[in-house]
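> here is my input, please return the structure:
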Amino acid sequence: MFNALPSEELTGSTLVVSGDGRYYNDVAIQTIIKMAFANGVKELWIGLNGLMSTPCVSEIIRTRNGGAYGGIILTASHNPGGPTEDFGIKYNVSNGGPAPEAVTSAMFECSKTISEYRICAGLPDVDLSTVGVTTFGDRKVEVLDAAECYLALVRRVFDVAALRALVTRPDFTMLYDGMHGVAGPFARKVLVQELGLPEASLLNCTPLPDFGGGHPDPNLTYAHELVQKMGLTREGTVREDMKAAAVPDFGAAADGDADRNMILGRRFFVTPSDSVAVIAATAAECIPFFSGGLRGVARSMPTSTALDKVAAAKNIPLFEVPTGWKFFGNLMDSELLGGEQYTPLICGEESFGTGSNHIREKDGLWAVLCWLSLLADRNAAVPQGQPLVSVEDIVRQHWSTYGRNYYCRYDYEGVEKEGADKMMDAMRGAIAAGRFESAALAGSGLSISSADDFMYTDPVDGSVSAKQGLRFVFEDGSRIVFRLSGTGSVGATVRLYLEKYEVAADKLDQPTAAAMADLVAIALELSQLEAFTGRSEPTVIT
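Numbering: from 1, shown residues only. Here you go, the predicted model:
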């Protein structure tokens, strides 16, 4: 990493270094300090106890003391941690966003030829348990209260008084699950200390090196404690053994590095695709940062087209990009790069990532505060003792206005990569030939109107990203998408995305499984997934 960065830029620079608290986080930070100083870095900003959420790293790189040169984030995102689990290193550049491909490719090339490295081996370890400054000659390490820095951002973006009025209502209850990742200290600072939420509203908010033995991925499967307390099953259906009155009004969860989120209402799951669409439709009404309206919205290609309906109704430019936050960052910085201005911009991915141009990363706690802002706005005039406008009420009102995009994702984790690649290549061949053999398709009454291997030309820098996922689009607007994910740690993860659009009032309340049944059968036959991978069931359904 240090070898790949221009020495003339690195010398005398400031870097942010922190992580999500997973196993080896503390050891790695001490090594990075010694290597950074040996490579000419002059100043390092590190979160208290070595902890800093990925969104906070982005904010600090961008704004603190005129900004930093970049940031090193120690995280493996939503993957497990521990002595036998995952560890990762991510580099963010001076705009606060993930390093572009040119930078990461240079680092990879360096890794193939490296024969030595620079390190100040005799430098003592730095105490990261106390806020303060440690100096070594003209070099400096500053330990920050990162949560306090993030709170300053919250105060700039949101109406804190309105949020406080909601969460301190005697008739409002919520739960926030930090999943033993880095989100915990930030949630405590914002939700409890700033807004006044009771401490008992926080679940699993103490960061642990192994995330408490759990998988810090905020979905219906892995956030099982929160899901059960919110009156739901892992399939997203209602728990019949739990009375509605015993369920909190609002629930949310974060992943290991706090950039992803899951939103739940009382016995109600909000899909990430619906979540970003609802936020985009209402942000100007209740969030000061967006009071002047939006100039752009964007979604990753596999994310449902619910956001498209909002963009069309409000005449806002919409961008469909490959999976990866760097594509959103380009749109946010378009004007700086000599292009159009698309900010304020709200964007999201179906993989529980939501954000805006307030930073250059997805931001889990920001999404939670967006939903709380909307609930605060809709309930400001509701007297205590009267039924509150709920998360479910808001989503159903959205469906009645824009239609409903039934949506789910099947993840097949740890699949042999060879079989997964052969499956994708076979479908590419079928797309090229225009032959789609499926008994389920023939008997469904559905018809494929187009199919392709998604390719994206960036409107800002002109870069081309090919082979970004296979799309089968039906005449009624339904979609089937296949993509191989690169964020798993073992083998390949096959992701199957299914979407069915309904606008008729009498079709807005179907069970998702029933609405998707034909598409599931068609997708499995088109792909021959079981034959290629040996998998008859997905690992996770979201």
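
> if I look at the nearest residue to Asp411 once chain neighbours are set aside, how far off is Asn405?
Excluding its sequence neighbours, the residue lying closest to Asp411 (CB to CB, 6 or more residues apart in numbering) is Val540, at 4.3 Å. Yep, even glycine has a C-beta here, placed from its N, CA and C like the rest. Distance, Val540 to Asn405, using CB to CB, to the nearest Å: 20 Å.

> out of the two, which sits in the busier spot?
Asn405 (24 against 18; other CB atoms under 10 Å).

> could you report the neighbour count for the closest residue to Thr457 other than its chain neighbours?
Closest residue to Thr457 apart from its sequence neighbours, by CB to CB, 6+ apart: Val464 at 5.3 Å. Residues within reach of Val464, counting by other CB under 10 Å, total 8.

> just Ser7 next, same as before
Neighbours of Ser7 using other CB under 10 Å come to 10.

> just the CA trace of stretch 312-326, in CSV.
Taking Å, rounded to 0.1, in the frame of the first residue of the first chain, the C-alpha atoms of stretch 312-326 are listed here in CSV:
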residue,chain,number,x,y,z
ALA,A,312,-39.8,9.5,-12.5
ALA,A,313,-42.6,11.0,-10.4
LYS,A,314,-40.4,13.8,-9.0
ASN,A,315,-38.4,14.3,-12.3
ILE,A,316,-35.1,13.6,-10.6
PRO,A,317,-32.2,12.2,-12.7
LEU,A,318,-31.7,8.5,-11.9
PHE,A,319,-28.5,6.5,-12.3
GLU,A,320,-28.2,2.7,-12.4
VAL,A,321,-24.6,1.7,-11.5
PRO,A,322,-22.6,-1.5,-10.8
THR,A,323,-22.3,-2.8,-7.3
GLY,A,324,-19.7,-0.7,-5.5
TRP,A,325,-19.9,2.6,-3.6
LYS,A,326,-17.1,4.2,-5.7
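
> how far is it from where the chain is centred?
When distances are taken as CA atoms, centre = their mean, to the nearest Å, stretch 312-326 is centred 16 Å away from the chain's centroid.

> quick one, what contacts the residue nearest to Thr457?
Contacts here follow CB atoms under 8 Å, 6 or more residues apart in numbering; on that basis Val464 touches 455-458.

> ok, of these, which come out buried?
456, 458 (16 or more other CB atoms under 10 Å).

> closest one to Cys56 out of the contacts of Val464, please.
Asp458 (27.1 Å; CB to CB).

> isn't the closest one up against Gly329?
No - assessed by CB atoms under 8 Å, Asp458 is found out of contact with Gly329, at 10.7 Å.

> re earlier: hmm, the residue nearest to Asp411 is touching Ala223, no?
No - here Val540 lies out of contact with Ala223, judged by CB under 8 Å, at a distance of 11.3 Å.

> could you chop this protein up by domain?
Following automatic domain parsing, one gets these domains for the chain: 7-144, 150-402, 404-541.

> out of those domains, deepest packed?
Most buried of those, by mean neighbour count (mean count of other CB atoms under 10 Å): domain 150-402, with a mean of 21.

> and the end-to-end length of it?
Domain 150-402 has an end-to-end distance of 34 Å (criterion: CA to CA, to the nearest Å).

> quick revisit: so what's the residue nearest to Asp411 up against?
219, 221-222, 410-411, 413.

> if we go to 10 Å?
Residues in contact with Val540 (CB atoms under 10 Å, 6 or more residues apart in numbering) are 215, 217, 219-222, 234, 409-413, 493, 495.

> find residues that contact each of Val540 and Ala223.
Common contacts of Val540 and Ala223 (CB under 10 Å, 6+ apart): 215, 217, 234.

> now stretch 527-538: mean pLDDT?
Along stretch 527-538, the predicted confidence averages to a pLDDT of 96.

> now swap in stretch 130-143 and tell me
98.

> same question for stretch 455-468.
Per-residue pLDDT values over stretch 455-468 give a mean of 92.

> before we move on, what about stretch 166-173?
On average, the pLDDT along stretch 166-173 is 98.

> neighbouring contacts of it?
Residues contacting stretch 166-173 (CB under 10 Å, 6+ apart): 165, 174, 191-192, 194-198, 200-201, 247-251, 266, 372-380, 382-388.
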